[in-house]
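Engineer: Sequence unavailable; structure follows:
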């Protein structure tokens, strides 16, 4: 009776709550009445052979669970497990557990199975209700030990580049009521992961952690609620920092535990970067992500991205400009695993220079996609080197970095040919391209800038509406007075070339992909810190993606290599 009373007072099974009340003297009166009724039923059956197996199962199950609990507590070395018996060992409890189970099946195998099923149902019901009592949960402790063991195994060595998969850190913004400002960003991350791998949703509150501890806790609860609504499996992390930019940098550096950490950062494009100084934090975060060799995904036009209940039909266009190991191919493929994008088809547009062997490049890419078992249409777009000068340096740099990585992977020549970027590089004729000119990543020195300004008439010009107001010429003949020193301004040739690249790319992309449901394109690298040009960089990306409804800008971290063996 007292055991029944204790179970009732723990509020584990609501139907038994009426037996938790006791008399004024503390006796479990109602539990005693139920015990008497059960005993009378056993007597009225008048057959010991039918009653004995039931009573035996109850006692053996009770002893089995006691032995199981003591075994788990001993193996987990719980601090609150302090047995008084000096010579106790966990093996004695384990042997007792095994003997109880064996005796149950010897007595009656069908009663034993019925008792075990009933015990499992009761345990799952208690777990479903989320009951948390002072006696804790041994299974949870066992899960913690298993998680610790798995994390230590992940620390034994870095993951191989062939096994690379996106583990995403989602950087979101919070409203005043601590709800996510861009829920579609969470939806897109959920669609990309489809419940697999690691996903961490993070946010930064501006201020002191001591003063905003309560708000940080409230923000975490709000993020967890939003993740449940989006059916997103993962973790959330909210920190307080006096500077939001530094706080985001801390998240990129310190999120995750051991080998279970992110390798990809996802965030949305700052729509109001022209009004506020958000572009400074954005560019700084890109530099931090690149320094950590993480991949980066930026969604532009996140308000128009589909939710989990929408269904998209049409094309997902991949504009592969910087051949960075095949990351742009992997992301849309993973995206199509979700029911939202499942009906979309893939189209791959790879940009080649006029000197490249475009026919061979297309044929090899189609063969490679067939070996990868990815269905996609391939089209090679030829562009002049001067039209993609802003990407040329980065393409060369990525080729060199990727070659070093392939050497570390110890791939044979045959395997190197089956590496996605190796196919494109093989079709490129070295030494045939023109002078690439300055790129977005390494700005030219002041000396080179002054030399380029003397050659301004021979450089391509952007349309008048893209020229800064302070640099717009008053007449077409105004450039002819440059050598005489009568020009009232000094245009930045690097910016002119960048804008020319942006305009040319935008014209081609919009012409071919204006009906696409999603456009995936390379995100160029920002200028080096301390050289300026951040606003021109933002303007470059803005012009390049103008007129596109949904854009996913992707920048590889240098550790992703997609091969037919991936």
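Structural biologist: Looks like it arrived, so ask away. Predicted model, so just to flag it, every value in this text is computed and none were measured.
Engineer: and the helix or strand harbouring residue 110, how far out from the chain's middle?
Structural biologist: Using DSSP states H and E, residue 110 sits in helix 109-129. In terms of Cα atoms, centre = their mean, to the nearest Å, the centre of helix 109-129 is set 38 Å apart from its chain centre.
Engineer: do stretch 91-98 as well
Structural biologist: That offset, for stretch 91-98, works out to 44 Å (Cα atoms, centre = their mean).
Engineer: Check which residues of that stretch are buried.
Structural biologist: The neighbour-count check on stretch 91-98 (16 or more other Cβ atoms under 10 Å) flags 93-94, 96-97 as buried. Every residue, glycine included, has its C-beta placed from N, CA and C.
Engineer: List the ones among those residues that fall in helices.
Structural biologist: 93-94, 96-97 (DSSP state H).
Engineer: if we can go back for a sec, counting contacts, what elements does the helix or strand following the helix holding residue 110 pack onto?
Structural biologist: Downstream of helix 109-129, the first helix or strand assigned by DSSP H and E is helix 138-154. Counting contacts by 3 or more Cβ pairs under 8 Å, 6 or more residues apart in numbering; DSSP states H and E, helix 138-154 is packed against helix 48-76.
Engineer: Show me what counts as buried in the helix it packs on.
Structural biologist: So for helix 48-76, counting by 16+ other Cβ under 10 Å, buried means 53, 56-57, 60-61, 64, 67-68, 70-75.
Engineer: Next, the angle from it to helix 109-129.
Structural biologist: In terms of direction (axes from the mean of the first three to the mean of the last three Cα atoms, to 10 degrees), helix 48-76 departs from helix 109-129 by 50 degrees.
Engineer: Which strands or helices does helix 48-76 pack on?
Structural biologist: Going by 3+ Cβ pairs under 8 Å, 6+ apart, helix 48-76 lies up against helix 29-45, helix 90-107, helix 109-129, helix 138-154.
Engineer: Quick check: which of these is nearest to residue 231?
Structural biologist: helix 109-129 (18.5 Å; Cβ to Cβ).
Engineer: by contact count, what packs against that closest one?
Structural biologist: helix 48-76, helix 90-107.
Engineer: among those helices, which gets the worst mean confidence?
Structural biologist: Ranked by mean pLDDT, the helices and strands packed on helix 109-129 end with helix 48-76 at the bottom, a mean of 86.
Engineer: Just checking the distance from that one to the centre of its chain.
Structural biologist: 45 Å.
Engineer: The buried residues of helix 48-76 into a markdown table, with extra columns for distance to residue 20?
Structural biologist: Output for the buried residues of helix 48-76, formatted as a markdown table (distance: Cβ to Cβ, whole Å):
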| residue | distance to residue 20 |
| --- | --- |
| 53 | 30 |
| 56 | 28 |
| 57 | 25 |
| 60 | 26 |
| 61 | 22 |
| 64 | 26 |
| 67 | 27 |
| 68 | 26 |
| 70 | 27 |
| 71 | 30 |
| 72 | 27 |
| 73 | 27 |
| 74 | 31 |
| 75 | 33 |
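Engineer: mind checking which helix or strand residue 200 is in?
Structural biologist: With DSSP H and E as the criterion, residue 200 is inside strand 199-206.
Engineer: partners of that strand, with directions?
Structural biologist: strand 168-171 (parallel), strand 235-241 (parallel) (DSSP bridges).
Engineer: List just the nearest of the ones in helices among the buried residues of stretch 91-98 to residue 169.
Structural biologist: residue 94 (42.3 Å).
Engineer: for that closest one, what are its contacts?
Structural biologist: Contact analysis of residue 94 by Cβ atoms under 8 Å, 6 or more residues apart in numbering lists 67, 71.
Engineer: how about a cut-off of 6 Å?
Structural biologist: residue 71 (Cβ atoms under 6 Å, 6 or more residues apart in numbering).
Engineer: Near residue 238, how many residues? Count them for me, please.
Structural biologist: 24 (other Cβ atoms under 10 Å).
Engineer: So that it lines up with my notes, have the first residue be 20 from now on.
Structural biologist: With 20 as the first residue, the last one maps to residue 257.
Engineer: What's opposite it in the beta bridge?
Structural biologist: Applying DSSP bridges, one finds that residue 257 bridges with residue 222.
Engineer: same deal with residue 539?
Structural biologist: Bridge pairing for residue 539 - DSSP bridges - gives residue 337, residue 571.
Engineer: ok, the ones in helices among the buried residues of stretch 110-117 vs residue 573, which is closest?
Structural biologist: Nearest to residue 573 among these, with distances taken as Cβ to Cβ, is residue 113, at 52.7 Å.
Engineer: Relative to residue 570, how far out is the closest one?
Structural biologist: Per Cβ to Cβ, to the nearest Å, residue 113 is found 59 Å from residue 570.
Engineer: ok so, going back, of the helices and strands packed on helix 67-95, which approaches residue 37 most closely?
Structural biologist: Nearest of the helices and strands packed on helix 67-95 (Cβ to Cβ): helix 48-64, 6.2 Å.
Engineer: Tell me the buried residues in that closest one?
Structural biologist: Residues of helix 48-64 classed as buried: 49-51, 61 (neighbour count, 16+ other Cβ under 10 Å).
Engineer: Repeat that for stretch 115-132.
Structural biologist: Those would be 115-116, 119-120, 122-123, 127, 131, for stretch 115-132 by 16+ other Cβ under 10 Å.
Engineer: cool, stretch 211-226 as well?
Structural biologist: 211-212, 216-224.
Engineer: got TSV for those residues, with distance to residue 22 and pLDDT too?
Structural biologist: Listed next are those as TSV, based on distance: Cβ to Cβ, whole Å; pLDDT from 0 to 100:
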residue	distance to residue 22	pLDDT
211	51	88
212	46	81
216	45	79
217	44	86
218	44	90
219	44	92
220	45	93
221	47	93
222	48	93
223	51	93
224	49	93
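Engineer: Please identify which of these is nearest to residue 269.
Structural biologist: Closest to residue 269, out of all of these and judged by Cβ to Cβ, is residue 223, at 8.3 Å.
Engineer: The closest one and residue 33, how far apart?
Structural biologist: Distance from residue 223 to residue 33, counting by Cβ to Cβ: 43 Å.
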